[in-house]
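Colleague: pasting the sequence and the predicted coordinates here, then a few questions.
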Amino acid sequence: MKKNLDKLTQNASFCSLAWDHQFMDPTGRVKPCCRFSENERPEEISLNHSRLDQIFYGPWMSDIRKKMLAGERVAGCRRCYQEEDNGKKSLRQRYNDNMMLPIEELVNVDRPRIKWLELAISNACNLACRMCDSRYSWKWFDEEQELFGKTYSKTKVSGIDISNVDPFLDDLVHIKFTGGEPLITKEHWQLIRKLAERPDASEILLNYSTNCTIHPKQEWQELWQRFKLIEFALSFDSADPMESEYIRYPSKFETTEKVTKEFLRMGENPKFNMILRTTVSVLNAWHLPETILWFVKNSNFKPKIINPTHLTHPDFLSITVLPKVLKDQIAQRYQPFIDGGYFKKLEKSLEHIISYMYSKDDTHLLYRLKSYLDKTDSYRGQSFEKSYPQFAGFLDMLGPEDAAYQDRRELDC
């Protein structure tokens with residue numbers, strides 16, 4: 001089996017996640033992983049129609065595995081292929097390369113079994129971040145309805161039946177909790193306490209995506225100690241206070257900074273691994289080097305992972321939307337950090353962001369970006385112009401083709 005798996009991991013399509021993993025979100029969607037393109041997920045692949053075990057062993061997932069074994073690129077996996085084509089090590093490659101556990105402990109090609117999960121249990125959240133929507137934060141629901149006349153989530157409060165996990169409970173060795181904000185999700189803590197009772201709880205890895213506004217209580221830290229390792233992907237998006245508060249509304253930078261530092265102090269304990277997980281968009285690309293350096297400066301340990309990721313949804317917030325003159329300015333700002341001999345992780349991260357930024361020209365989306373920002377600014381009492389003086393006037397760089405595009409399409413919410 002080991003030799004067979006070693007050969008398969010060299011396959012440009014094979015992804016171990018299709019054999020040992022599933023993603024579930026508060027609306028009931030199920031996918032091979034969180035990155036899998038929503039356009040490629042059939043509507044019936046949902047916990048609203050089937051149980052998790054029925055989906056994992058059903059024809060849709062079986063067909064994905066069959067294509068991967070045949071070396072075919074799976075359409076829904078294009079984000080990983082895109083990263084690989086731009087020189088970044090993708091999620092697919094990282095898990096094929098045994099970043100979590102030896103692949104032979106997780107994958108049996110002939111007998112798939114869910115060993116780890118990405119769980120967005122509910123849309124309970126205390127923020128309405130700019131790049132989010134009502135599927136992952138109930139705070140977005142009323143705003144979407146008022147501004148756009150439609151909502152991503154059918155109901156204001158949504159969540160999945162966590163009992164779908166039960167058939168795989170004894171096999172789980174890794175769970176990635178996303179949101180909503182998992183630290184305020186009641187069902188998440190119910191599952192954690194159930195897992196903590198397992199005799200082999202010390203072999204389980206947990207991963208959290210957290211918005212850096214919820215204080216890690218002492219009782220939580222004591223409960224986490226029962227597990228093998230706890231990773232925290234810290235969504236610290238900007239060291240610039242105005243940017244931070246604009247992106248992660250209605251947070252206050254003072255709180256975000258304080259909580260992030262609390263997590264970084266926890267990182268001195270080998271049980272806890274802190275990851276900088278900045279989501280890079282139009283709204284924070286300018287100050288990304290300073291954000292990374294803030295993270296390192298405030299860490300009393302050597303950060304193991306610095307992994308900013310470029311935003312792909314909503315598409316009008318992507319850095320590919322920026323006009324070339326601003327792309328050039330951002331690239332120039334990054335260059336001293338790339339050439340200055342800081343450290344390899346910073347250099348590689350910035351090089352990848354630059355590569356993706358120039359990978360396509362999406363300036364035709366500027367009208368949608370302007371419409372979105374104008375509406376949300378009015379609703380929230382914020383101001384893009386005041387928060388981003390470095391971008392003064394860039395939303396005026398609109399041409400006739402952009403106007404025609406806007407006339408044909410409503411704002412995609």
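Modeller: Done, it's in.
Colleague: C-alpha from now on. contacts and neighbour counts both.
Modeller: Will do.
Colleague: quick check: Leu234 vs Thr213, distance?
Modeller: Distance, Leu234 to Thr213, by CA to CA, to the nearest Å: 10 Å.
Colleague: of the two, who's got more company?
Modeller: Thr213 (23 against 20; other CA atoms under 10 Å).
Colleague: sec struct for the more buried one, please.
Modeller: Following DSSP: H, G, I helix; E, B strand; the rest coil, we place Thr213 in the coil state.
Colleague: excluding residues flanking it in the chain, which one is nearest it?
Modeller: Thr256 (5.1 Å; CA to CA, 6 or more residues apart in numbering).
Colleague: and if you look at Cys80?
Modeller: Nearest residue to Cys80 in three dimensions, chain neighbours excluded: Ser90, at 5.1 Å (CA to CA, 6+ apart).
Colleague: please list all residues in contact with that neighbour.
Modeller: Cys80, Tyr81, Glu83, Glu84 (CA atoms under 8 Å, 6 or more residues apart in numbering).
Colleague: can you tell me the element the last one falls in?
Modeller: Spelled out, that is Glu84. helix 78-85 (DSSP states H and E).
Colleague: helix or strand right after that helix?
Modeller: Helix 78-85 is succeeded, C-terminally, by helix 91-96 (DSSP H and E).
Colleague: coming back round to it: let me see the mean pLDDT of the helix holding Glu84.
Modeller: Per-residue pLDDT over helix 78-85 has a mean of 87.
Colleague: for that helix, buried residues please.
Modeller: Arg79, Cys80, Tyr81, Glu83, Glu84 (16 or more other CA atoms under 10 Å).
Colleague: apart from its neighbours in sequence, what residue is nearest the first one?
Modeller: In other words, Arg79. Arg35 (6.7 Å).
Colleague: that's a strand at His364, yeah?
Modeller: No: His364: not assigned to a strand; according to three-state DSSP it is helix.
Colleague: quick one: pLDDT of it?
Modeller: On the pLDDT scale, His364 is placed at 91.
Colleague: run a quick neighbour tally on it.
Modeller: By other CA under 10 Å, the residues close to His364 number 21.
Colleague: repeat that for Pro308.
Modeller: 22.
Colleague: surely it meets Asn284?
Modeller: No: with contact defined as CA atoms under 8 Å, Pro308 and Asn284 do not form a contacting pair (11.1 Å).
Colleague: mind checking the SS state of the residue nearest to Arg79?
Modeller: Classification of Arg35 by three-state DSSP places it in coil.
Colleague: shared neighbours, Leu234 and Thr213?
Modeller: Between them, Leu234 and Thr213 share the contacting residues Thr260, judged by CA under 8 Å, 6+ apart.
Colleague: give the contact list for the residue nearest to Thr213.
Modeller: Cys212, Thr213, Phe236.
Colleague: if we can go back for a sec, residues in contact with the helix holding Glu84: which ones?
Modeller: Applying CA under 8 Å, 6+ apart, the contact partners of helix 78-85 are Arg35, Phe36, Ser37, Lys89, Ser90, Leu91, Arg92.
Colleague: one more time with 7 Å
Modeller: For helix 78-85, contacts defined as CA atoms under 7 Å, 6 or more residues apart in numbering pick out Arg35, Lys89, Ser90, Leu91, Arg92.
Colleague: mind giving me the PyMOL command for buried ones among those?
Modeller: What follows is the PyMOL syntax selecting those of the contacts of helix 78-85 that are buried according to 16+ other CA under 10 Å:
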select buried, resi 90+91+92
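Colleague: distance to Leu395 for the contacts of helix 78-85 - can I get that in CSV?
Modeller: Shown next, in CSV, are the contacts of helix 78-85 (distance: CA to CA, whole Å):
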residue, distance to Leu395
Arg35, 29
Lys89, 33
Ser90, 32
Leu91, 33
Arg92, 36
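Colleague: ok so, going back, nearest to Lys186, of the contacts of Thr256?
Modeller: Using CA to CA, Thr213 comes nearest to Lys186 of the contacts of Thr256, at 17.0 Å.
Colleague: got the confidence number for that closest one?
Modeller: Listed pLDDT for Thr213 reads 98.
Colleague: check contacts around it.
Modeller: Thr213 makes contact with Thr255, Thr256, Val259 under the criterion CA under 7 Å, 6+ apart.
Colleague: tell me which element the residue nearest to Thr213 is part of?
Modeller: Here Thr256 is assigned to helix 253-266, by DSSP H and E.
Colleague: residue boundaries of the strands in the protein?
Modeller: 21-24, 30-31, 116-119, 174-177, 205-210, 229-234, 272-276, 279-280, 305-306, 309-310 (DSSP state E).
Colleague: what pairs with the first one, parallel or antiparallel?
Modeller: Which is strand 21-24. With DSSP bridges as the test, strand 21-24 is paired with strand 30-31 (antiparallel), strand 116-119 (parallel).
Colleague: swap in the fifth one?
Modeller: For strand 205-210, the paired strands and their directions (DSSP bridges) read strand 174-177 (parallel), strand 229-234 (parallel).
Colleague: do the same with the last one
Modeller: Applying DSSP bridges to the sheet, strand 309-310 is found paired with strand 279-280 (parallel).
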